[in-house]
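Engineer: have a look at this prediction, sequence included:
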Number of protein chains: 2
Amino acid sequence: MDTPRPPATLADVAERAGVSRQTVSNAINNPDLLRPDTLARVQAAIEDLDYTPNQAARHLRTRASRLIGLRLAPAQEFTANMAMDRFVHALVEASGEAGYHVLLFSGGRVAEGEQPDPLAGYDDLLRSTAVDAFVVTDTYLGNPQTVALTQRRAPFVAFGRPWDDPGARHPWVDVDGAAGVEAATEHLRDQGHERIAWLGWPPGSRIGEDRRAGWHRAMTASGLPTAGLEAAVEDGVLAGGRAAASLLESSAPTAFVCASDTLAVGVLGALSDRGLEPGRDVGVVGFDDSQVAQVMGLTSVRQPLEEVAVHLVAALRALMTPTLVAETGVLLQPRLEVRTTSTR
Amino acid sequence: MDTPRPPATLADVAERAGVSRQTVSNAINNPDLLRPDTLARVQAAIEDLDYTPNQAARHLRTRASRLIGLRLAPAQEFTANMAMDRFVHALVEASGEAGYHVLLFSGGRVAEGEQPDPLAGYDDLLRSTAVDAFVVTDTYLGNPQTVALTQRRAPFVAFGRPWDDPGARHPWVDVDGAAGVEAATEHLRDQGHERIAWLGWPPGSRIGEDRRAGWHRAMTASGLPTAGLEAAVEDGVLAGGRAAASLLESSAPTAFVCASDTLAVGVLGALSDRGLEPGRDVGVVGFDDSQVAQVMGLTSVRQPLEEVAVHLVAALRALMTPTLVAETGVLLQPRLEVRTTSTR
DNA sequence: ATGAAAGCGCTAACAG
DNA sequence: CTGTTAGCGCTTTCAT
């Protein structure tokens, strides 16, 4: 019990079971090739010896590590990080079910004043056969890495549409932000609101434009006015608060749909300054269903990250199984998490 | 450019450089063994061929994967998850600097009505040589896994003190919660508060008791009253709000120190219900410096997770380097992040 | 300072 | 259905 005996190997099991090493290997990887009684004998030996295959040896032989690489963004990139935690969880879970583990690596230190190298880390991991494939998450940056990875013939799937690259061939999974915002807007309309404002980001963010489109679509479809009812500011509580104050001043909206929970929190602050109560007086909806939203009772659009992860893993498996062919694009629907800031 | 040429191997490099394979290996792992000119020639060949050592082969030979295992807790365990995101980031960063990657695995699905197996996943990863060591984070559960891992002679370090196990021999790193809360309490006292209430968790959580001790220590040291100025409730916004309301009613505190940001948000709600302004009227301090605190302007005790990660990795390296000997315990000081809810 | 030989533990390919 | 042979790419002896 106290001797750190080296772990059993295939050969040990084979000897104990009175079969060849190959048969043990088959017992593990292709059980149906064995006669039931042989199989049972081998399994008993495995049990007795507490045998677990050595991954390194298996990897060397099969040229597969059963590891999926995920790069953690170096800094807080815009707003997407709010949900990163949940996404990582979901991915680990989904990968685990498929027999994969998730290997985290960092974007690498960014030297002062230098552009972060979007490819840092990928290359080494790939060529050193440390991972079998990647999940790329920050495609909204203009996805320089997706084209680079494609060039390198690296197997990868993206969480996020290839917005700027209509020729992209890689599998991707994304969430329909526009539909989410549309549903949020309709929800506010159903609560009796007519002057529903959009608080979004400055132009240039495809995700931001997509979300705004959802608001605009819902408003025009319902015959509601949009003129003067929108503002675009950097993601931040203060900026959101100021923009909300100014909108309240200029165009008297009775509800706000926001591109992020952060902006929505800013709106909440502006309301509080004016003695207005969220929900009863003014409806507010955020985006991402972050911890902030959950804790503050903020109605928010929630991305189905668990589902995203499952689809990503499925695509990955398809990618790595020559006989399977992966869907190239999957668009998932978010859900509106209704809380107190949008109901009277 | 288009041919997916197989990656170069050591032999390729050796041939190109006109040396033996062993020399190339030395060039990489023990450069000082080579004559400068040979070294340069080998390095040029490596460059030309874009060579990266095959990890699987290296792992098999050296019996080390340069992977650190981190288990993601199955569910939302109490309050600690608020900071998990930041911690994972920090660990990935610190590991990367030391040439390690982080392998994430899940606690495994917990069958309906069953106890989650605290050891699920560890065993296989270890024996299959998939990881070299583990970082264990949820020691506050009564750390069943630390003893189990110790028995199995698995190299691991813990984020969290071995509260219930004075005989524990494994390295650990923790944050001095008591000192953090003490500093928070003193900060409120310095702001002129005398009736400072403690809003904590029900007994039974060592972390909770530790934090409470910090408040109590600061109060008695300053000769301030504590009687009737505390409440213990489950972690939650609603529970925190109710407890705060009841304390305000019964003992008129002018400030609250809370065991978590969640509880502090509850206090904020209770204040708002009464038309009291956080900071000006009543001081409020939370714990963890979560996104919620940052977004709401909540003063909070911030754990130095980056530093924790660095120490954990250092301990891990010591553990795996026979010549080095690791410190068994490191206690780090948190920092008070002062925002608007505690200043007038 | 450099090279030759051996083998880590496994599985693919082929025989029987 | 089972066994034999070979070798994945690397590093650790041990010679030179």
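Structural biologist: Received the coordinates, thanks.
Engineer: show me what residue of the stretch 201-344 of chain A gets nearest to DNA strand D.
Structural biologist: The shortest separation between the stretch 201-344 of chain A and DNA strand D is 17.9 Å, found at A:M320 (distances taken as C-beta to the nearest atom of the strand). In this view, the C-beta of every residue, glycine as well, is placed from N, C-alpha and C.
Engineer: right, and that residue touches A:P155 too?
Structural biologist: Yes: using C-beta atoms under 8 Å, A:M320 is in contact with A:P155, at 6.1 Å.
Engineer: which one of those two has more residues nearby?
Structural biologist: Between A:M320 and A:P155, counting by other C-beta atoms under 10 Å in any protein chain shown, A:P155 is the more crowded of the two (18 against 15).
Engineer: count of residues packed around the nearest residue to the more buried one once chain neighbours are set aside?
Structural biologist: Computed as C-beta to C-beta, 6 or more residues apart in numbering or on different chains, the closest residue to A:P155 that is not its neighbour in sequence is A:A133, at 4.0 Å. For A:A133, the count of nearby residues is 23 (other C-beta under 10 Å).
Engineer: so A:A133 makes contact with A:G69?
Structural biologist: Yes: proximity of A:A133 to A:G69 meets the contact threshold set by C-beta under 8 Å, at 7.1 Å.
Engineer: output the contacting helices and strands for the host helix or strand of A:V157.
Structural biologist: According to DSSP states H and E, A:V157 maps onto strand A:156-159. Packing contacts for strand A:156-159, counted by 3 or more C-beta pairs under 8 Å, 6 or more residues apart in numbering or on different chains; DSSP states H and E, involve strand A:133-136, helix A:144-151, strand A:172-175, helix A:305-320.
Engineer: next structured bit after the last one?
Structural biologist: So the one you mean is helix A:305-320. Immediately after helix A:305-320, counting by DSSP H and E, sits strand A:329-332.
Engineer: and that following strand, how far out from the chain middle?
Structural biologist: 12 Å (C-alpha atoms, centre = their mean, to the nearest Å).
Engineer: likewise for stretch A:6-13?
Structural biologist: Worked out by C-alpha atoms, centre = their mean, stretch A:6-13 lies 40 Å from the chain centre.
Engineer: ok, residues contacting that stretch?
Structural biologist: A:21, A:24-25, A:42, A:45-46, A:49-54, B:127, B:129 (C-beta atoms under 8 Å, 6 or more residues apart in numbering or on different chains).
Engineer: try 10 Å
Structural biologist: Applying C-beta atoms under 10 Å, 6 or more residues apart in numbering or on different chains, the external contacts of stretch A:6-13 come out as A:15-16, A:19-25, A:27-28, A:42-54, A:57, B:63, B:126-129.
Engineer: between A:A133 and A:G69, what contacts are shared?
Structural biologist: Residues touching both A:A133 and A:G69 (C-beta under 10 Å, 6+ apart): A:126, A:154, A:156.
Engineer: ok, and the most crowded of these?
Structural biologist: Most neighbours among the shared contacts of A:A133 and A:G69, by other C-beta under 10 Å: A:F156, with 26 neighbours.
Engineer: just the pLDDT at the closest residue in space to it that isn't next to it in sequence, thanks.
Structural biologist: The shortest distance from A:F156 to any non-neighbouring residue, by C-beta to C-beta, 6+ apart, is to A:F134 (4.1 Å). What the model reports as pLDDT for A:F134 is 94.
Engineer: I'd guessed A:F134 sits against A:L126; true?
Structural biologist: Yes: with contact defined as C-beta atoms under 10 Å, A:F134 and A:L126 form a contacting pair (7.8 Å).
Engineer: which residues does the residue nearest to A:P155 contact?
Structural biologist: A:64-65, A:67-69, A:100, A:126, A:149, A:154-157, A:312-313, A:315-317, A:319-320.
Engineer: from those residues, which would you call buried?
Structural biologist: Buried residues within these, counting neighbours by 16 or more other C-beta atoms under 10 Å in any protein chain shown: A:65, A:67-69, A:100, A:126, A:149, A:154-157, A:312-313, A:315-317, A:319.
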